[in-house]
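Q: Sequence first, predicted model second:
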Protein chains: 2
Amino acid sequence: MKKRGMLIVLSGPSGVGKGTVRKAIFDQDNNDFQYSISMTTRKPRPGEVDGVDYFFVSKEQFEHNIQTGEMLEYAKYVDNYYGTPLNYVNETLDSGKDVFLEIEVNGAMQVRAKCPDGVFVFLTPPDLMELKQRLIHRGTDAMNVINKRIEKAVGEIKMMQNYDYAVVNDKVPNAVEKIKNIIRSERLRVHRVMPDYLGMLGEMKK
Amino acid sequence: MKKRGMLIVLSGPSGVGKGTVRKAIFDQDNNDFQYSISMTTRKPRPGEVDGVDYFFVSKEQFEHNIQTGEMLEYAKYVDNYYGTPLNYVNETLDSGKDVFLEIEVNGAMQVRAKCPDGVFVFLTPPDLMELKQRLIHRGTDAMNVINKRIEKAVGEIKMMQNYDYAVVNDKVPNAVEKIKNIIRSERLRVHRVMPDYLGMLGEMKK
């Protein structure tokens, strides 16, 4: 039996730059993990290719997929569905390859519930930790601006608690390197390599 | 309050090359973690320096340390004690620096019980996974040799289950790179960085 691949989920608050970091990772050609293409009901934009940028499907098709349990996660934004097709992910994992998802925070929590063994990486905005520095100079900002920032920070920190790793998106190449490091290290975790060793022992005792 | 450092424990079966890998790590001068010097009652060998290679102490001193709870872990080999002084580790961790221990498997399990939050890395002999390959050619080895190898493998795999990561010591530079990667990634774990963020929020609300 082939060892199952590992699921890697990159998420983070809206506007943090998840898409940019993911693109930078997959612009490198030395990746030994597979990007999971999302499915959507929105129309392709100029230059977007079906099966490359997204799987473009009809609303009826997408809703049918939801009802038959064929979506690993999904969400609706501005009257369009976005989600991850379960079959594609499962087939890739079954083939022994690791799968990389880049999805919104709500989707990530749906995946966490279904795949607790996945690796969940939270991309944090660089200004989250800089907030303190900024607030030292309170005088320069209006009180309502400060309060909004604090509120946003509290929300982001609460989200982060549901993840395994937090990577600051200060510079895209830094974030890329950290995420690739995390993937390399996670492959060495005992609970992931143990099946290989136990399998070997099992075969030897035959 | 300064954030506490992280404890990293490298261990593995006797003869796997833990000492060689540890030396190779600390021969590099870009480490941002501190090696914890062991304490022993054995006599210094030519060239060994007190406070560098070991803390050399008397048997009475060591036994006093055990009784007063001043050893994080210890063991006795061939009438000599070897162990990790608790104070040195605690002071370094309290200063915010990460501490690296390279110890025997029994010691590692004592540390695990006291510091469950540490990062425990098991160095595996390269022949553990090669065993299967070798046993395919059973004809070339005597049955008792094969059985001894299997028994040894079972023991090593059982030990490994108590660790977080398994690193194969196929080539020393590979093992060094993997261990340093693990340390870098562990620093990004949410449960390790969360105190920073919560501390920042706490201070902001003052």
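A: Perfect, I can see it now.

Q: Remind me which helix or strand the residue in chain A that chain B sits nearest to belongs to.
A: Residue nearest to chain B within chain A: A:Ser185 (4.0 Å; CB to the nearest CB). C-beta coordinates here come from the backbone N, C-alpha and C atoms, glycine included. Using DSSP states H and E, A:Ser185 sits within helix A:172-186.

Q: hmm, who's touching that helix?
A: Here helix A:172-186 makes contact (CB atoms under 8 Å, 6 or more residues apart in numbering or on different chains) with A:6, A:8, A:10, A:17, A:20-21, A:24-25, A:28, A:31, A:33, A:98, A:119, A:121, A:123, A:165, A:167-169, A:192, B:165, B:178, B:181-182, B:184-186, B:188.

Q: Among these, which are located in helices?
A: Among the contacts of helix A:172-186, the residues falling in helices (DSSP state H) are A:20-21, A:24-25, A:192, B:178, B:181-182, B:184-186.

Q: Moving C-terminal from the one helix or strand in chain A whose mean pLDDT sits lowest, which element do we reach first?
A: When the helices and strands of chain A are compared on mean pLDDT, DSSP states H and E, helix A:127-136 comes out lowest with a mean of 65. As assigned by DSSP H and E, the chain's next helix or strand after helix A:127-136 is helix A:143-160.

Q: circling back to that earlier point, what inclination does the helix holding A:Ser185 have with respect to helix B:172-186?
A: For helix A:172-186 against helix B:172-186, the angle by axes from the mean of the first three to the mean of the last three CA atoms, to 10 degrees is 110 degrees.

Q: Look up the closest residue to A:Asp117, ignoring the ones flanking it.
A: Among residues not flanking A:Asp117 along the chain, A:Leu7 sits closest, at 7.3 Å (CB to CB, 6 or more residues apart in numbering or on different chains).

Q: Surely that neighbour touches A:Val99?
A: Yes: using CB atoms under 8 Å, A:Leu7 makes contact with A:Val99 at a distance of 5.4 Å.

Q: shared neighbours, these two?
A: With CB under 8 Å, 6+ apart, A:Leu7 and A:Val99 have common neighbours A:89, A:93.

Q: where in chain A is pLDDT low?
A: Within chain A, the ranges that satisfy pLDDT under 70 run A:1, A:129-141, A:204-206.

Q: Could you tell me which residues of it lie near chain B?
A: When proximity is defined by CB under 8 Å from any CB of the partner chain, chain A lies next to chain B at A:122, A:128-129, A:131-132, A:135, A:150, A:153-154, A:157, A:160-161, A:163-167, A:178, A:181-182, A:184-186, A:188-190, A:193-194, A:196-198, A:200-201, A:203-205.

Q: before we move on, the earlier item: give the buried residues for the helix holding A:Ser185.
A: Residues A:175-176, A:178-186 are the ones in helix A:172-186 that count as buried (16 or more other CB atoms under 10 Å in any protein chain shown).

Q: tell me the angle it makes with helix A:18-27.
A: Going by the same axes, to 10 degrees, helix A:172-186 makes 70 degrees with helix A:18-27.

Q: then helix A:172-186 to PDB, C-alphas only?
A: Output in PDB follows, covering the C-alpha atoms of helix A:172-186 (Å, rounded to 0.1, in the frame of the first residue of the first chain):
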ATOM      1  CA  VAL A 172       7.100  37.200  -0.100                       C
ATOM      2  CA  PRO A 173      10.400  35.300  -0.500                       C
ATOM      3  CA  ASN A 174      10.700  35.000   3.300                       C
ATOM      4  CA  ALA A 175       7.200  33.700   3.600                       C
ATOM      5  CA  VAL A 176       7.800  31.200   0.700                       C
ATOM      6  CA  GLU A 177      11.000  29.900   2.300                       C
ATOM      7  CA  LYS A 178       9.400  29.500   5.700                       C
ATOM      8  CA  ILE A 179       6.400  27.600   4.300                       C
ATOM      9  CA  LYS A 180       8.600  25.300   2.300                       C
ATOM     10  CA  ASN A 181      10.700  24.700   5.400                       C
ATOM     11  CA  ILE A 182       7.600  23.800   7.300                       C
ATOM     12  CA  ILE A 183       6.600  21.300   4.700                       C
ATOM     13  CA  ARG A 184      10.000  19.700   4.700                       C
ATOM     14  CA  SER A 185      10.000  19.400   8.500                       C
ATOM     15  CA  GLU A 186       6.500  18.100   8.800                       C
END
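
Q: to the chain's geometric centre, what's the distance from it?
A: 13 Å (CA atoms, centre = their mean, to the nearest Å).

Q: and if you look at stretch A:145-165?
A: 18 Å.

Q: repeat for stretch A:184-196
A: Worked out by CA atoms, centre = their mean, stretch A:184-196 lies 20 Å from the chain centre.

Q: Nearest residue to A:Glu156 in space, ignoring adjacent ones along the chain?
A: With CB to CB, 6+ apart, the residue lying closest to A:Glu156 is A:Pro13, at 5.2 Å.
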